[in-house]
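Asks: return a 3D structure for these sequence lines:
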Amino acid sequence: MRRYPSPQTFVLLLALVWVATATSTVSQAQQGDVGVGVELVLAVDASRSIDPDEQMIQRRGYAEAFRSPEVQSAILHGGWGRVAVTYVEWAGAWTQSVLVPWRLIDSKESAEAFAAEIEASRLTSASRTSISGAIDFSAGLFEQNGFSGERQVIDISGDGPNNQGRGVTEAREAAIARGITINGLPLMTNGSQYVGWGTIPDLDRYYAECVIGGPGAFSIPVTSWDQFSTAVRQKLVLELAGRQPARNMVVRVQAPAPVDCLVGETIWNERQRRWD
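Replies: Numbering: from 1, shown residues only. You can find the predicted model right below:
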């Protein structure tokens, strides 16, 4: 014969379930992610082809952008009114450094504090260029970062093609499969004397075809360091305000040409053979 709990016991069980559920809900609310318009990783090249002066130009460019009225307006009037940003420098496949951890930017003051952190960080540098390593590392930063954005974006800059780690297109496709958009800032600033020694003449095309991807992805090349601050500011306004183009947009400065997404690895291997 099946025995059922008494009405008093049943009421007590319901009360215990309600208390447990309420406690769990409160706990989840306390630990919940902060909603933001975008989660943005600024992944900045710090390989040895970027000298200390150029590294400082990059940092000042990003700092000045976050102090600018245009970028601050994009953040504060771009939907949610707040964004989450982290600043990373990278070089080889196993060389990535978080200079400024995830920060919530929801005011002029917090934007300027983020700018100050970028400028205060110690200079770092390492050999090789692994865009794939930078993408993989940056993609992992979105996990359990305390934020929940309508968009997740990796903003990657660099002055040469991938020459270490797995293929750049493999890393790109893995990130896109996770819903991440990758935008590019190819630095075409080294001049012809460096072509074949870590950079290529059509780096803008390489970024367009091999690096960027995801909804609304775009790339803006920089052909001189004088342009850097303007390009960064323009790029951040698009990314932070959520006004990315409906279609992938690429600003090109070179004539169209076939793009080999393994060109960096080929250049590196040829150099190694000559040294051997």
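Asks: that's a helix at residue 39, yeah?
Replies: No: the assignment for residue 39 is strand, going by DSSP: H, G, I helix; E, B strand; the rest coil, so no helix is present there.
Asks: burial count for it?
Replies: When neighbours are counted by other Cβ atoms under 10 Å, residue 39 registers 24. To be clear about C-beta, it is placed using only N, CA and C from the backbone, and glycine gets the same treatment.
Asks: tell me the pLDDT at it?
Replies: Reported pLDDT at residue 39 in the predicted model: 97.
Asks: ok, residue 252 next?
Replies: The model reports residue 252 with a pLDDT of 49.
Asks: neighbours of residue 52, just the number please.
Replies: By other Cβ under 10 Å, 9 other residues sit near residue 52.
Asks: actually residue 123, not the one I typed
Replies: Neighbouring residues of residue 123 were enumerated by other Cβ under 10 Å; the total is 11.
Asks: residues in contact with it?
Replies: Contacts for residue 123 were tallied using Cβ atoms under 8 Å, 6 or more residues apart in numbering; they are 52, 55-56.
Asks: again, 7 Å this time
Replies: Neighbour list for residue 123: 52, 55 [criterion: Cβ atoms under 7 Å, 6 or more residues apart in numbering].
Asks: what about it, which SS state?
Replies: Residue 123 ends up coil, using three-state DSSP.
Asks: roughly how far apart are residue 62 and residue 206?
Replies: According to Cβ to Cβ, to the nearest Å, residue 62 and residue 206 sit 23 Å apart.
Asks: wait, I meant residue 102
Replies: To residue 206, residue 102 is 29 Å away according to Cβ to Cβ.
Asks: neighbour count winner among these two?
Replies: Set side by side, residue 102 and residue 206 show more neighbours around residue 206, with 28 against 18, by other Cβ under 10 Å.
Asks: hang on, that one in a helix?
Replies: Yes: under three-state DSSP, residue 206 sits within a helix.
Asks: wait, it sits on residue 258?
Replies: No: the criterion here is Cβ atoms under 7 Å, and residue 206 misses it with residue 258 at 10.9 Å.
Asks: just the pLDDT for residue 126.
Replies: We have a pLDDT of 78 for residue 126.
Asks: how about it: what's its closest non-neighbour residue?
Replies: In space, and not counting its chain neighbours, residue 126 is closest to residue 91: 3.7 Å by Cβ to Cβ, 6 or more residues apart in numbering.
Asks: over to residue 168?
Replies: Distances taken as Cβ to Cβ, 6+ apart place residue 162 nearest to residue 168, at 4.1 Å, with adjacent residues excluded.
Asks: try residue 169
Replies: Once flanking residues are discounted, residue 169 sits nearest to residue 261: 5.2 Å by Cβ to Cβ, 6+ apart.
Asks: now the helices for the stretch 101-250 of the chain?
Replies: For the stretch 101-250 of the chain, the helices defined by DSSP state H, counting those that start in this stretch cover 108-120, 131-140, 168-177, 203-206, 228-241.
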